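Colleague: with the input below, show me the fold.
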Amino acid sequence: MDMKSGNNSPVLADPVPANKSRLGMRSQLLSFTSGSSACSSGSYLQIPWKKTIPGKLDDVRASGWLDAMISSSPPHKKPNKDAGVECSSSDSDAVYRSWTLRYPSALAAFEKITKYAKGKRIALFLDYDGTLSPIVDDPDRAFMSEEMRSTVQSVAKHFPTAIISGRSRNKVYEFVGLAELFYAGSHGMDIMGPDRVSDPVDFSSNRVRFADKQGKEVNLFQPASEFIPMIDEVFKALVDNTKEIEGVKVENNMFCVSVHYRNVDEKSWSAVAQLVHDILKEYPCLRLTHGRKVLEIRPVIDWNKGKAVKFLLESLGLSNSEVVLPIYVGDDQTDEDAFKVLREGSQGYGILVSSVPKETKAFFSLRDTSEVMDFLKSLVQWKQSAANL
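Modeller: Numbers count the residues shown, from 1 in each chain. Predicted structure coming up:
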């Protein structure tokens with residue numbers, strides 16, 4: 001891994017000259033116009049939104065959202081009362097084993113992975129929810145175990161490691177609490193590197209330099225900073241409009257807004273979809289994506305977790321697939337953008353965390369967070385063994 005001046009903390013360096021926009025912000029924004037304002041200009045017309053009353057879902061687009069909400073949130077299997085017996089888990093286990101023929105366990109295939117990694121530098125990218133911490137009903141209590149934290153810390157001592165999450169960067173950092181990692185919040189729209197005392201690289205207009213509470217300088221990359229006022233406005237509108245629906249939780253992730261419906265009665269999902277749609281249609285500069293029992297509203301820019309992975313690899317001088325093996329571990333639909341980048345570029349391996357069969361661009365699978373921890377521990381042991389040879 002390229003290090004500057006022998007410092008052990010990698011620099012988050014933009015591979016494009018500072019006088020150019022690394023992301024092409026002006027050209028890659030979809031050019032929507034509302035009145036005299038356009039998304040591409042960084043300004044927008046604030047349209048007063050009208051509070052709607054939850055009721056029948058009457059919009060075709062919102063109806064499509066409801067279908068996606070249902071498909072991304074499969075119900076638990078229930079006993080087969082008609083047959084008079086409970087459904088056996090053996091059938092689902094057989095289906096899962098069949099699925100792993102296409103997406104083998106990363107633990108079972110560990111020797112194959114490390115054989116391919118021989119002579120290469122591994123770069124590790126990890127989702128948070130459902131990968132390092134279990135999925136829980138209350139998003140604010142998605143705590144990782146101390147054993148998992150210790151494992152991630154050990155991994156970061158041997159490999160450049162980044163957490164890439166839909167959560168806000170500050171929230172993920174609060175959960176993880178390890179200063180030696182890279183953090184990419186809001187699906188990669190808010191990237192921070194490890195602490196550094198100095199940095200010789202010039203920052204582009206989308207990057208700022210600041211000091212943390214201890215006075216240490218850190219590197220920050222924010223390709224969608226101009227959208228923050230808009231995101232705040234939409235967040236406030238969603239909080240107000242959904243407060244009458246029991247179980248809804250709206251989360252401001254700085255560069256995106258998450259509307260969690262995990263604790264909402266399924267009969268009210270259509271009302272959630274309609275309310276989100278009625279607000280979002282007034283903001284053509286924003287778009288909606290689906291996660292696991294969450295609706296996520298993001299800026300319309302050509303940026304996602306896959307782009308964040310590419311940016312980090314390029315910034316760290318690790319984009320040469322001949323000498324670098326990137327590994328991305330994640331469980332959600334939004335992680336597929338990263339899996340796709342690694343698969344299509346033949347760069348590295350995506351590992352899907354799932355206990356049920358899913359279509360995916362990943363190469364390998366892990367069943368749950370405990371297997372993720374076992375895999376990370378195995379990487380550390382492999383690296384330590386190789387160093388002792």
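
Colleague: outline the domain layout of this structure.
Modeller: The chain breaks down by the TED database into domains covering 92-195+209-223+303-388, 227-299.

Colleague: among these, which is nearest Met69?
Modeller: domain 227-299 (5.5 Å; C-beta to C-beta). Backbone N, C-alpha and C define where each C-beta goes, glycine included.

Colleague: where do the helices sit along the stretch 201-350 of the chain?
Modeller: In the stretch 201-350 of the chain, the helices defined using DSSP state H, counting those that start in this stretch lie at 228-242, 269-280, 305-315, 336-344.

Colleague: quick one: closest of those helices to Asp67.
Modeller: helix 269-280 (9.4 Å).

Colleague: and the closest one, what does it pack onto?
Modeller: helix 60-71, helix 228-242, strand 286-291, strand 294-299 (3 or more C-beta pairs under 8 Å, 6 or more residues apart in numbering; DSSP states H and E).

Colleague: out of these, which gets nearest to Ala142?
Modeller: Going by C-beta to C-beta, the one of those nearest Ala142 is strand 294-299, 12.1 Å.

Colleague: right, and the helices of the stretch 201-350 of the chain - which one's nearest Gly119?
Modeller: Short answer: helix 305-315, nearest of the helices of the stretch 201-350 of the chain by C-beta to C-beta, at 17.7 Å.

Colleague: packing partners of the closest one?
Modeller: By 3+ C-beta pairs under 8 Å, 6+ apart, helix 305-315 packs against strand 121-126, strand 161-164, strand 182-185, strand 190-192, strand 324-330, helix 336-344.

Colleague: could you rerun that using 7 Å?
Modeller: Helix 305-315 is packed against strand 161-164, strand 324-330, helix 336-344, with contacts defined by 3 or more C-beta pairs under 7 Å, 6 or more residues apart in numbering; DSSP states H and E.

Colleague: can you redo these as JSON lines with distance to Gly291 and mean neighbour count?
Modeller: Shown next, in JSON lines, are the helices and strands packed on helix 305-315 (distance: least, C-beta to C-beta, whole Å; neighbours: other C-beta atoms under 10 Å):
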{"stretch": "strand 161-164", "distance to Gly291": "13", "mean neighbour count": "26"}
{"stretch": "strand 324-330", "distance to Gly291": "11", "mean neighbour count": "25"}
{"stretch": "helix 336-344", "distance to Gly291": "11", "mean neighbour count": "21"}
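
Colleague: give me the mean pLDDT for the host helix or strand of Leu379.
Modeller: Take DSSP states H and E as the rule and Leu379 turns out to sit in helix 369-388. The average pLDDT within helix 369-388 is 94.

Colleague: that one packs against which elements?
Modeller: Checking 3+ C-beta pairs under 7 Å, 6+ apart, helix 369-388 ends up next to helix 146-158.

Colleague: the helix it packs on to strand 121-126, inter-axis angle?
Modeller: 150 degrees (axes from the mean of the first three to the mean of the last three C-alpha atoms, to 10 degrees).

Colleague: so which elements touch helix 146-158?
Modeller: By 3+ C-beta pairs under 7 Å, 6+ apart, helix 146-158 packs against helix 369-388.

Colleague: closest one to Leu181 among the helices of the stretch 201-350 of the chain?
Modeller: Going by C-beta to C-beta, the one of the helices of the stretch 201-350 of the chain nearest Leu181 is helix 305-315, 11.3 Å.

Colleague: can you list the buried residues in the closest one?
Modeller: Buried residues in helix 305-315, defined by neighbour count with 16 or more other C-beta atoms under 10 Å: Lys305, Gly306, Lys307, Ala308, Val309, Lys310, Phe311, Leu312, Leu313, Ser315.

Colleague: distance between it and the chain's centre?
Modeller: Distance, stretch centre to chain centre, for helix 305-315: 12 Å (C-alpha atoms, centre = their mean, to the nearest Å).

Colleague: what sits up against it?
Modeller: 12-15, 123, 125, 162, 164, 182, 184, 187-188, 191, 319, 326, 328, 334-335, 337-338, 340-341 (C-beta atoms under 7 Å, 6 or more residues apart in numbering).
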